[in-house]
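Participant: Sequence isn't available, so here's the structure alone:
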């Protein structure tokens, strides 16, 4: 399956509330079908660095998702978390939510 990055801008969740938050959000839609997977993550996931200063990056995350494509979303999150932990100690928080769409 293909990968599509949704990258419209706006303030992060919890930065502010109400009308101010709503005004900052850029809307983006993507039709989702049964079997599709949605990964929501903070920058701490892709910007995680190893001892050499290399970033974990989106490509590594996608590779992990592809490797476990038939697995439940919770297993994929566990695989991602383990991979980031092995990559190196992190200075930023890493938050991710993985949703698989069923029929």
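Facilitator: Nice, I can see it. The structure displayed is predicted, hence computed values, not measured ones.
Participant: can you tell me which helix in the chain is longest?
Facilitator: The longest helix of the chain (DSSP state H) is helix 73-87.
Participant: What's the first helix or strand after that one?
Facilitator: Downstream of helix 73-87, the first helix or strand assigned by DSSP states H and E is strand 96-100.
Participant: ok, and what's touching that following strand?
Facilitator: Identification of contacts with strand 96-100 by CB atoms under 8 Å, 6 or more residues apart in numbering yields 35-42, 45, 72-74, 76-77, 80-81. All C-beta spots, glycine's among them, are computed from the backbone N, C-alpha and C.
Participant: and the nearest residue to residue 34 once chain neighbours are set aside, how many neighbours?
Facilitator: Spatial nearest neighbour of residue 34, excluding adjacent residues (CB to CB, 6 or more residues apart in numbering): residue 103 at 4.3 Å. For residue 103, the neighbour count with other CB atoms under 10 Å is 5.
Participant: and the gap between residue 103 and residue 35?
Facilitator: Distance, residue 103 to residue 35, using CB to CB, to the nearest Å: 8 Å.
Participant: At which residues are the helices of this structure located?
Facilitator: Remark: helices assigned in the chain by DSSP H are 18-24, 43-46, 57-67, 73-87.
Participant: Done for today, thanks.
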